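**Q** What follows is a predicted protein model with its sequence.
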Amino acid sequence: MNEIKVIVQMLKQLLKEMEIVSSQGSGYYTCVPFLRRYNKLLQEAQRLLSQSSTTTSVINTFEPLQESDPKDPSDKSKVLLSIRVETSQLITLLEMVSAEEEKK
């Protein structure tokens, strides 16, 4: 099983779950589970990609997101936005790496 493809699917599911939770209410949710899951998936992606010299520099541009649970709905939106941006960028990188591996 291709671990990179598994991580990509998990990241995509994370985005869907964030969308569902944030659309259900005006801030009646916590950001911590999303942050923790993103950070764990990032850590695993970094482990996998650190073995390749061509992607090491790019994967090193990603950093774990600080776990915070703001109470203000607008601050929660900002946290979720940062998770979405980082997750989308990570998905793009992993999909590119996966496509290159398939060409080999």
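**A** Great, that's in hand. Numbering: from 1, shown residues only.

**Q** Can you list the low-confidence ranges for the chain?
**A** Across the chain, the ranges flagged by pLDDT under 70 are 1, 26-27, 53.

**Q** And Gln13, how close does it get to Ser74?
**A** Gln13 is 26 Å from Ser74, where distance means Cβ to Cβ, to the nearest Å. All C-beta spots, glycine's among them, are computed from the backbone N, C-alpha and C.

**Q** Correction: the previous question concerned Lys5.
**A** Using Cβ to Cβ, one gets 36 Å for the distance from Lys5 to Ser74.

**Q** okay, these two: which has more neighbours?
**A** Neighbours were counted for Lys5 and for Ser74 using other Cβ atoms under 10 Å; Lys5 has more, 14 against 9.

**Q** Quick check: that one touching Ser98?
**A** Yes - with contacts counted by Cβ atoms under 8 Å, Lys5 reaches Ser98, the gap being 5.7 Å.
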